[in-house]
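Q: just to be clear, the model below is a prediction. Sequence and coordinates:
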Number of protein chains: 4
Amino acid sequence: MSDTHNDVSDWWATSIIDMAPGRIRFRGHPVEQLVGTVSFAQMIWLLTRGDLPTEAEAALLECALVAAVDHGPQAPSIAAARMAVTCGLGLNGAIASAVNMLDDIHGGAGEQAVELYGWIDGAATSGAALEDAASAMIDKWRAGRGAFIPGFGHRFHKPEDPRAPRLLQLVDEAAAAGTVSGRFAAIGRAVQQILNERKGGPVPMNIDGATAVIYAELGFAGPLARGLFCLSRSVGIIAHAWEQMNQGGRNKGPTPPAYRWTYTGPDPIGNSR
Amino acid sequence: MSDTHNDVSDWWATSIIDMAPGRIRFRGHPVEQLVGTVSFAQMIWLLTRGDLPTEAEAALLECALVAAVDHGPQAPSIAAARMAVTCGLGLNGAIASAVNMLDDIHGGAGEQAVELYGWIDGAATSGAALEDAASAMIDKWRAGRGAFIPGFGHRFHKPEDPRAPRLLQLVDEAAAAGTVSGRFAAIGRAVQQILNERKGGPVPMNIDGATAVIYAELGFAGPLARGLFCLSRSVGIIAHAWEQMNQGGRNKGPTPPAYRWTYTGPDPIGNSR
Amino acid sequence: MSDTHNDVSDWWATSIIDMAPGRIRFRGHPVEQLVGTVSFAQMIWLLTRGDLPTEAEAALLECALVAAVDHGPQAPSIAAARMAVTCGLGLNGAIASAVNMLDDIHGGAGEQAVELYGWIDGAATSGAALEDAASAMIDKWRAGRGAFIPGFGHRFHKPEDPRAPRLLQLVDEAAAAGTVSGRFAAIGRAVQQILNERKGGPVPMNIDGATAVIYAELGFAGPLARGLFCLSRSVGIIAHAWEQMNQGGRNKGPTPPAYRWTYTGPDPIGNSR
Amino acid sequence: MSDTHNDVSDWWATSIIDMAPGRIRFRGHPVEQLVGTVSFAQMIWLLTRGDLPTEAEAALLECALVAAVDHGPQAPSIAAARMAVTCGLGLNGAIASAVNMLDDIHGGAGEQAVELYGWIDGAATSGAALEDAASAMIDKWRAGRGAFIPGFGHRFHKPEDPRAPRLLQLVDEAAAAGTVSGRFAAIGRAVQQILNERKGGPVPMNIDGATAVIYAELGFAGPLARGLFCLSRSVGIIAHAWEQMNQGGRNKGPTPPAYRWTYTGPDPIGNSR
């Protein structure tokens, strides 16, 4: 709102949206000029970054958003969403309980991979050979952040996560067309090669590692990579919650009711009969 | 997963996703064939409904998704997202706390409007004139569901919400092209006309009423209308949370700290000095 | 804050807490006089209702809070909490995702039972015999709110939920001591008798039905009954989340990974080999 | 459940609760023996730790739980809870959105203070004088974890947080009675003295620093200190959400609607008139 300037209004200052009665502008663009003109992916870019991307940039962003929508009911977030609607929650509540779980371990790898790629890019820009930079930064990550290299390895998709090569192919095409530089695709591949060599076997780049290449190529900051992953995965969350609503059920537990749980504490009921 | 069929696997049965090591299919489509081929809007449709929309249908869906991304920091969900990141939450947590608030009053009007439009459509299909059907169903809504007619009226955007006429224009174009029938645009306009007449002044169709026209035209069920509104508004939530991260702050309250709150209970500190 | 009165401070007016630098009062009581003097249950009562309960009233409230702390990992909220911490969330995030699920079906029965008991109490106060009042209000509930009578029946604890008779016994003792009237215990028993007769078998009063007797006896409004159930169940949520933190695990799914899910959609991977 | 042992039941193994039809045991204790016998604070201890505390231990725990229930609507979590119910959420949803915000900055200081106290205790146990140990560990914290020393300093309660001296007094009494050792009270006071000296002015121990003394004295792990803070603050969240329900309002924003926000981006509407 551009009319009232004082300490109360300033407390909520934003450059994202301006309004007057009957008028709305996003990042300076009247809403009625955006609707019907820009794609949802372009709008996501505009709102989070402030400028409109080219169609080619938006198309590459769209690839990352499309690829990450779902990973099935074994993912804790998806299971939570399905259970949530059987407790009485609407889709807003199901999304809330589920997206919340996309934290450091479940949904943070993309953000972390963007950060790792950035380290490597910084080292390479400072003159190191790419493979040396990648190797050094992998060591640095493990020393300071833990054994898991974000974006690589998958307990299920072996030897290859089917999303990664397709996404890298699209980055290559975008680099060939001049849309992006291709530097982060090279960085991602360097990381993969080093991890493969060190392990003596495939450590496949996963969806987080591959989408992080795209986010880094397009200049998204790490936290936004996590945010956009949440947005993408929300699609799967909505689809599963809606499917569960149609399947019905009340207070759906994690396993069929007959299984329940193994009790490991003192004085089990079974012993006292 | 198509390999193991038993009561435990069946407990989480889904038609949305199938996986095998190295392979992922959404609604039967290999992921690598979707990525780079379908838009994010098409993917949203595919995952939530099971079939791929035409490009024209996806384009109309995209209009609804683009139009609803944000309504500024006065919206409780946006304020919550901005406060959340100053408490230490990442974007996943900020989305969770914020989207949760898109409940019946804040984010449910789209779902409700789809339901109301469906009532009117049913009555009109049964032979009533459209205006009579709309008038009767408005009465029925108020008798059973309360005074607020979902999707109409806005405390700020008067006499017109700038998003509604633009969205209706795009529905008209889609109807002219044969993409949709246009019945729900007529229904929405009939509701507006009746509300205007009854009030003797403008009761503008708002973003919920206008996007509900699109969702109803495209055949989305009411709960999905709410879910897709949450998805769209998540974009604004992410943008505002990220902007706040960059502005900084710790434990941001709702007003500048000097204002605090008016105490209305017994034994105020001020009186006892 | 009692010092500043204006529209901004008034927007957040409350009678719950007053503060000045170095001073905090809850409902008019200086915090330093409450700490070490009142029990947690008394503080819960004071903050939610404004007055301090007698020790006997607080003791009965405490029974309801103690009884409802947990129902094991088959409860969707508990499962969600355990999964949440394996995704990287702290206990605050685990509580959030889990308590959110205590909605109408999973955690709302206590609130609904308080409401139903209130209907019966109103009818009986107007002159109907208690059993007639209960029977009529059960019919009214089923006509307007659905087949489930809140607070009665349990899919697991048959023929009796062990918490209900113990809680009713404690209400009887409190009624004998003059702490409460005992009317709602009679109402709860009347509902149970009618449901048993209608079914021709036991429809045991469950934890929600029994705690609702206590909340109604003590004069808590229905929504607070839900809120206090959430508070009580948060204890189990915290215990399970913490146990899971110590067990470890990353991205814990709902079933052991080998089970995954049954795919029911088109073009399963298994068929296309 | 003690009857079924297999990989599915084992996946949800727990030592917290055992059940059979008509029977529930918490940590080996039949529920009907706990209800009416143990206090809510004892139950919290039992469920989170596995053993029953003495009454004196439970009384000290209760002091920490009572002291932290609320800090008013300027706290982002409380503001969020109040806004949430005006969006249509029940108390479960309001708690979810609000407790989620009790993250590292807003609700994590207690956990962090327990950790810091533990460092100091470890150093002192290894032979350093308490003040030297405290000074060294404060330096270590600032080097590795940032400038803020958790549990000390308050932007509003100056020169003293009224809760801290009262809580320390109660710890002293408990130490005199032999309930706790008093070591962590000494540690907390040492930290305060050092911070005061370094700043040349009061850096008051706040609610987090004081309750952390209690949690550490009683042997609670750091993450549980955060969890119990969330439990305590949930009381204020419930009270404020319920008060707001009674005040009414729809889609309550952070400031009175007339203030809105200051727009800081390109092409403000005000400039283009």
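A: Received the coordinates, thanks.
Q: elements contacting the helix or strand in which residue A:142 is found?
A: Secondary structure assigned from DSSP states H and E places residue A:142 in helix A:130-145. For helix A:130-145, the packing partners by 3 or more Cβ pairs under 8 Å, 6 or more residues apart in numbering or on different chains; DSSP states H and E come out as helix A:109-125, helix A:183-199. Where you see a C-beta, it was placed from the backbone N, CA and C, and this is true even at glycine.
Q: contacts for the first one?
A: In this case it means helix A:109-125. Helix A:109-125 has contacts (Cβ atoms under 8 Å, 6 or more residues apart in numbering or on different chains) with A:104, A:130, A:132-134, A:136-138, A:140-141, A:145, A:149-151, A:183-184, A:187-188, A:190-191, A:206, A:208-209, A:211-213, A:215-216, A:220-223, A:225-226, A:228-229, B:90.
Q: just the buried members of those?
A: Buried subset of the contacts of helix A:109-125 (neighbour count, 16 or more other Cβ atoms under 10 Å in any protein chain shown): A:104, A:130, A:133-134, A:137-138, A:141, A:149-151, A:183-184, A:187-188, A:190-191, A:206, A:208-209, A:211-213, A:215-216, A:220-223, A:225-226, A:228-229, B:90.
Q: which bits of the stretch 151-273 of chain A sit near chain D?
A: With Cβ under 8 Å from any Cβ of the partner chain as the criterion, the stretch 151-273 of chain A meets chain D at residues A:254-255, A:258-271.
Q: can you give me the helices in chain A?
A: With helices called from DSSP state H, chain A shows them at A:7-10, A:31-34, A:40-49, A:55-67, A:76-85, A:91-100, A:109-125, A:130-145, A:163-176, A:183-199, A:207-217, A:222-247.
Q: who wins for proximity to residue D:248 among those?
A: Nearest to residue D:248 among the helices of chain A is helix A:91-100 (21.2 Å), distances taken as Cβ to Cβ.
Q: relative to helix C:76-85, how tilted is the closest one?
A: Interaxial angle of helix A:91-100 relative to helix C:76-85 (axes from the mean of the first three to the mean of the last three Cα atoms, to 10 degrees): 40 degrees.
Q: is helix A:91-100 positioned near chain D?
A: Yes: counting by Cβ under 8 Å from any Cβ, chain D has neighbours in helix A:91-100: A:93, A:96, A:97, A:100.
Q: which ones among those residues also lie next to chain B?
A: Among the residues of helix A:91-100 next to chain D, the residues within reach of chain B (Cβ under 8 Å from any Cβ) are A:93, A:96, A:97, A:100.
Q: would CSV of these with pLDDT and neighbour count be doable?
A: What follows is those, written out as CSV (pLDDT from 0 to 100; neighbours: other Cβ atoms under 10 Å in any protein chain shown):
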residue, pLDDT, neighbour count
A:93, 98, 31
A:96, 98, 35
A:97, 98, 34
A:100, 98, 35
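Q: need the residues you listed in a markdown table with distance to residue B:172, can you?
A: Formatted as a markdown table, those follow (distance: Cβ to Cβ, whole Å):
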| residue | distance to residue B:172 |
| --- | --- |
| A:93 | 35 |
| A:96 | 36 |
| A:97 | 39 |
| A:100 | 40 |
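Q: setting aside sequence neighbours, what's the nearest residue to the most centrally placed residue in chain A?
A: The centroid of chain A falls nearest to residue A:229 when counting by Cα atoms, centre = their mean (2.1 Å). Once flanking residues are discounted, residue A:229 sits nearest to residue A:110: 4.8 Å by Cβ to Cβ, 6 or more residues apart in numbering or on different chains.
Q: re the thing from before, contact partners of the helix holding residue A:142?
A: The contact list for helix A:130-145, computed with Cβ under 8 Å, 6+ apart, reads A:112, A:116, A:119-121, A:123-124, A:128, A:149, A:186-187, A:190-191, A:193-195.
Q: just the buried members of these?
A: Buried residues within the contacts of helix A:130-145, counting neighbours by 16+ other Cβ under 10 Å: A:112, A:116, A:119-121, A:123-124, A:128, A:149, A:186-187, A:190-191, A:194-195.
Q: lowest pLDDT pick from those residues?
A: Within the buried ones among the contacts of helix A:130-145, pLDDT reaches its minimum at residue A:128, with 87.
Q: for the stretch 151-273 of chain A, what are the low-confidence residue spans?
A: By pLDDT under 70, the low-scoring segments of the stretch 151-273 of chain A are A:271-273.
Q: contact residues of it facing chain C?
A: A:155, A:156, A:250, A:251, A:252, A:253, A:254, A:255, A:257, A:260, A:261.
Q: tell me which two of these sit farthest apart.
A: Across those, the two members that end up farthest from each other (Cβ to Cβ) are A:155 and A:250, 32.0 Å apart.
Q: so between the two, which is more surrounded?
A: Neighbour count, other Cβ atoms under 10 Å in any protein chain shown: between residue A:155 and residue A:250, residue A:250 has more, with 12 against 9.
Q: against residue A:85, how distant is the more buried one?
A: Here residue A:250 is placed at a distance of 10 Å from residue A:85 (Cβ to Cβ, to the nearest Å).
Q: residue A:75 too?
A: Counting by Cβ to Cβ, the gap from residue A:75 to residue A:85 is 16 Å.
Q: out of the two, which sits in the busier spot?
A: Between residue A:75 and residue A:85, residue A:85 has the larger neighbour count (other Cβ under 10 Å), namely 29 against 26.
Q: hmm, that one is touching residue A:245, no?
A: Yes: with contact defined as Cβ atoms under 8 Å, residue A:85 and residue A:245 form a contacting pair (5.0 Å).
Q: residue ranges in the stretch 1-150 of chain A under the pLDDT threshold?
A: A:1-5.
Q: which bits of it sit near chain D?
A: Residues of the stretch 1-150 of chain A found near chain D (Cβ under 8 Å from any Cβ) are A:1-6, A:8-20, A:23, A:25, A:27-29, A:50, A:89, A:93, A:96-97, A:100.
Q: among these, name the buried ones.
A: A:1-2, A:8-9, A:11-12, A:14-20, A:23, A:25, A:27-29, A:50, A:89, A:93, A:96-97, A:100.
Q: residue contacts, the residue nearest to the centre of chain A?
A: A:68, A:102, A:107, A:110, A:111, A:208, A:211.
Q: and the fourth one, how far from residue A:65?
A: So the one you mean is residue A:110. From residue A:110 across to residue A:65, the span is 12 Å (Cβ to Cβ).
Q: who has more neighbours out of those two?
A: residue A:110 (34 against 25).
Q: if you skip the residues just before and after it, what's nearest to residue A:91?
A: When the adjacent residues along the chain are set aside, residue A:91 lies closest to residue B:227, with 3.7 Å between them (Cβ to Cβ, 6+ apart).
Q: quick check: residue A:214 touching residue A:60?
A: Yes: counting by Cβ under 8 Å, residue A:60 is a contact partner of residue A:214 at 5.9 Å.
Q: more neighbours: which of the two?
A: Per other Cβ under 10 Å, whichever of residue A:214 and residue A:60 has more neighbours is residue A:214, with 29 against 26.
Q: identify the residues contacting that one.
A: A:60, A:61, A:63, A:64, A:167, A:170, A:171.
Q: 10 Å instead?
A: Contacts here follow Cβ atoms under 10 Å, 6 or more residues apart in numbering or on different chains; on that basis residue A:214 touches A:60-65, A:67, A:110, A:114, A:167-168, A:170-171, A:174, A:180, A:184-185, A:188, A:220, A:225, A:228.
Q: what does residue A:175 give?
A: For residue A:175, the contact set (Cβ under 10 Å, 6+ apart) comprises A:60, A:181, A:182, A:183, A:184, A:185, A:186, A:217.
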